[in-house]
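Enquirer: sequence below, structure please.
(2 chains)
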Amino acid sequence: MHLKPESAERHTLSVTVANEPGILARIAGLFAGRGYNIESLTVADVTEDEAISRITVVTKAAPTTIEQIISQLDRLPSVIRVLDLTAMGPHVERELALVKVAGSGDHRIEALRLAEVYRARVVDATISSFVFEVTGGTEKIDKFLELMREVGLVEVARTGIAAIARGRDAI
Amino acid sequence: MTSERSGADILIETLTELGVEVVFGYPGGAVLPIYDALFKQDKIRHILVRQEGGAAHAAEGYARSSGKIGVVLVTSGPGATNAVTGITDALMDSIPMLVITGQVGTSLIGSDAFQECDTVGITRHCTKHNYLVKDPAELEGTIREAFHIATSGRPGPVLIDLPKDVQVAQARSKPMPVHPGYRPQTEPDPKLIETAVEMLAAAERPVFYTGGGIINSGPAASAALRELQALTGAPVTSTLMGLGAYPASGDAWLGMLGMHGTYEANWAMNQADLIVNLGARFDDRVTGRLDAFAPNARKIHIDIDRSSINKIIRAELGIVADVGRAMEAMIALWKQRGHKAQDLDNWFGRINGWRALKSLDFPNSTTEIMPQHAIRRLWEATKHRDPIITTEVGQHQMWSAQHFHFEQPNKWLTSGGLGTMGYGLPAAIGAQIANPDALVIDIAGEASIQMNIQELGTATQYNLPVKIFILNNEYMGMVRQWQDLTYAGRYSHSYSDALPDFVKLAEAYGWKGMRIEDPAALDGGIAEMLAYPGPVMVDCRVAKLANCLPMIPSGAAHTDMILQANEVSGEMDDEAKALV
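Expert: Numbering: from 1, shown residues only, chains lettered A, B, ... in the order given. Presented below is the predicted three-dimensional model:
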């Protein structure tokens, strides 16, 4: 017999949780234990008293599984709220990448020129290298990295996605 | 409380205030301060088990038979890991449980100290919630919240890991912030109830598909089910976990559904135009092949756990609520609208046609005891005493579900979701503690009973008159049956070799031991067991190769039931082999 692949949609979920020890393991473990996919996961406390953290998780799954992921997250006592930003409508997604490029001559000049096009900032420079800081959607960063590969990319660090709904309402 | 108290005292006093009367446990290095606090009080009774796994299952039996929370107290490391199976079992079957585990001192955590394990890490996904408490001032609030989480919403096990230094250190309790996101929805949305009532009133071939949620909701929910059934006239089937919510003697009773359910229950599900799922979860043992499941039925699914709805089967109407509250709301609205029961004569005519097949019948024998017959005789001999029945896992469990009939909730304790062999004896001990005057019988198999056989000693110590009725066929019978069905009878490691002499074993523990071998001696043997005031273990030798039927093979439709023993042979293809 052979196993059949499933069709999948990409959804960005915003999960507000009590900021307590083990919460990240709880969320990540739920995804691992139930066989859900994590494309990106970011977490940081977002309230003044540090009591609440916001986890942004990007997952890819069949629509029925997405519904199930939301329900499974929602029933954890530590979870305060789960929002499916993708289903809710317009929202902004951003991530940040630090991109190290090494080289000399034309490559170096071309890297700087491309960085300008992508509004990447130089945050470190030596005679033979740059570190760029670039923010944007996942596609933009993927594209920037693709170009940097041509001009001496040596290392990348990415934050993963933070996302928020458009408009004045808060979650 | 204004004075400072040790963590151990805070624990015991808070549990007492919460009404805890019994703790199932086993001492060890990392819980010695708690055991000393237990020693100095007389409000909480401690039941010393023989292995921590037994404590967890005993707490399950206590909880399931009484409706109260089961409390477990074990030490760090192996104490905690031994309890993990019982904790997972409680999670799968939604049993309210509070587990207190000792932990090495806070300064030693993470250092691979003696008897250290990452208890909160190990149990994170087999508990409903868990905590590591590092400050005795936070202990009382944590216990109170844990208690609330374990018993409310969909019940489940909650664990508190308590380092030894926190048990000793003194503190004043401080108010604890509670989890703001934990708000289980118990009241149903009236609009959805209205839709449900109208769907039910219009149905021509309705079925109530009931589950363990009704038992968990409490006796009022079972009463509501009976009233709702009387109002609507619809037939009732149940999952393994829901047996007893509706009386087996009721006219509308179809028997259990699913893999080893009755012909009439499974055909009624298949032919229904409306299925009302009341606190069940469309488990794979119930649905069989999903694309062939109840093809003509609209589904209403009432469950307290939102994640159960649309997980396996899409419901036309999902209602998140306590199933008892939802049924009460449906009853009120049904009456208010003046609905009358539909004329279901046609529907019951078809059901009676399926009933006429007598799918639970089996060929009886005068030379050997048929296991089904043994259970029927046990039921006949005990039904007037409204016994509490526990089981292990396997053929005997399914035969008990089929042939022992329950009239009331909280009388049937079995490991459904996790399917834990070794559950029955400790669960019976827990049930006997909660119901000292009840007749408690563990119907067991000779393989399962050995998985927690050490708990014989617990029953002896506390003078618990638990009965164990072993259907001994010298095989892990369900494994053997599947090997016949799927692997052309290659009995790979399913023979129970080197069995102990159960009679001598019972006697060694101070129990009465009995053996029944002859069908003619069955009734007399059962009577002898029942007449004995103390614990009895009966080794009932039954037909070795009997199969548990009817059966829907894995991945088959409800309409593809195996009814005859001669159909249980052959070899299946890889797709079938890959299914559990």
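Enquirer: excluding chain neighbours, what is closest to residue B:439?
Expert: The shortest distance from residue B:439 to any residue other than its chain neighbours is 4.1 Å, reached at residue B:387 (CB to CB, 6 or more residues apart in numbering or on different chains). For the C-beta atoms, the positions are set from N, CA and C on the backbone; glycine is no exception.
Enquirer: find the closest residue to chain A in the stretch 201-350 of chain B.
Expert: residue B:307 (3.6 Å; CB to the nearest CB).
Enquirer: tell me which parts of the stretch 51-200 of chain B are close to chain A?
Expert: Within the stretch 51-200 of chain B, the residues that sit near chain A (CB under 8 Å from any CB of the partner chain) are B:120-121, B:124-125, B:128-129, B:132, B:149, B:153-154, B:177, B:179-182.
Enquirer: distance from the chain centre to stretch B:565-574, please.
Expert: How far stretch B:565-574 lies from its chain's middle: 30 Å, per CA atoms, centre = their mean, to the nearest Å.
Enquirer: avg pLDDT for it?
Expert: Mean pLDDT, computed over stretch B:565-574, is 75.
Enquirer: show me what counts as buried in that stretch.
Expert: Going by neighbour count (16 or more other CB atoms under 10 Å in any protein chain shown), the buried part of stretch B:565-574 is B:568, B:572.
Enquirer: again, but for stretch B:28-37
Expert: B:28, B:30, B:31, B:32, B:33, B:34, B:35, B:36, B:37.
Enquirer: who's in contact with it?
Expert: B:6-9, B:11-12, B:25, B:27, B:73-77, B:79, B:100-104, B:114-115, B:162-164, B:167-168 (CB atoms under 8 Å, 6 or more residues apart in numbering or on different chains).
Enquirer: among these, which are in helices?
Expert: B:7, B:8, B:9, B:11, B:12, B:79, B:164, B:167, B:168 (DSSP state H).
Enquirer: how about the residues you listed, which pair is most distant?
Expert: B:9 and B:79 (21.0 Å; CB to CB).
Enquirer: between those two, tell me which one has more neighbours.
Expert: residue B:79 (26 against 20; other CB atoms under 10 Å in any protein chain shown).
Enquirer: ok, now how distant is that one from residue B:70?
Expert: Residue B:79 sits 16 Å away from residue B:70, going by CB to CB, to the nearest Å.
Enquirer: just residue B:565 next, same as before
Expert: Counting by CB to CB, the gap from residue B:565 to residue B:70 is 40 Å.
Enquirer: again with residue A:9
Expert: 42 Å.
Enquirer: looking at these two, which one has more neighbours?
Expert: Between residue A:9 and residue B:70, counting by other CB under 10 Å, residue B:70 is the more crowded of the two (33 against 13).
Enquirer: residues in contact with that one?
Expert: Counting by CB under 8 Å, 6+ apart, residue B:70 touches B:24, B:58-63, B:90, B:95-98, B:430.
Enquirer: equivalent analysis for residue B:451, please.
Expert: Counted by CB under 8 Å, 6+ apart, residue B:451 has contacts B:392, B:421, B:422.
Enquirer: switch those residues over to JSON lines; also include pLDDT and secondary structure.
Expert: Below are the contacts of residue B:451 laid out as JSON lines (pLDDT from 0 to 100; DSSP: H, G, I helix; E, B strand; the rest coil):
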{"residue": "B:392", "pLDDT": "98", "secondary structure": "coil"}
{"residue": "B:421", "pLDDT": "98", "secondary structure": "coil"}
{"residue": "B:422", "pLDDT": "98", "secondary structure": "coil"}
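Enquirer: using TSV, please lay out the buried residues of stretch B:28-37 together with secondary structure.
Expert: Converted to TSV, the buried residues of stretch B:28-37 look like this (DSSP: H, G, I helix; E, B strand; the rest coil):
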residue	secondary structure
B:28	coil
B:30	helix
B:31	helix
B:32	helix
B:33	helix
B:34	helix
B:35	helix
B:36	helix
B:37	helix
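Enquirer: relative to chain A, which of these is nearest.
Expert: Nearest member of these to chain A, counting by CB to the nearest CB, is residue B:30, at 19.4 Å.
Enquirer: show the pLDDT at the residue of the stretch 1-150 of chain B found nearest chain A.
Expert: The nearest approach of the stretch 1-150 of chain B to chain A comes at residue B:129, 4.5 Å away (CB to the nearest CB). Listed pLDDT for residue B:129 reads 97.
Enquirer: how about the closest residue to it other than its chain neighbours, secondary structure?
Expert: Leaving aside its chain neighbours, residue B:129 sits nearest to residue A:77 (4.5 Å; criterion: CB to CB, 6+ apart). Under three-state DSSP, residue A:77 falls in the coil class.
Enquirer: got phi/psi on residue A:77?
Expert: The phi/psi pair for residue A:77 (degrees, to the nearest 10) reads phi -60, psi -30.
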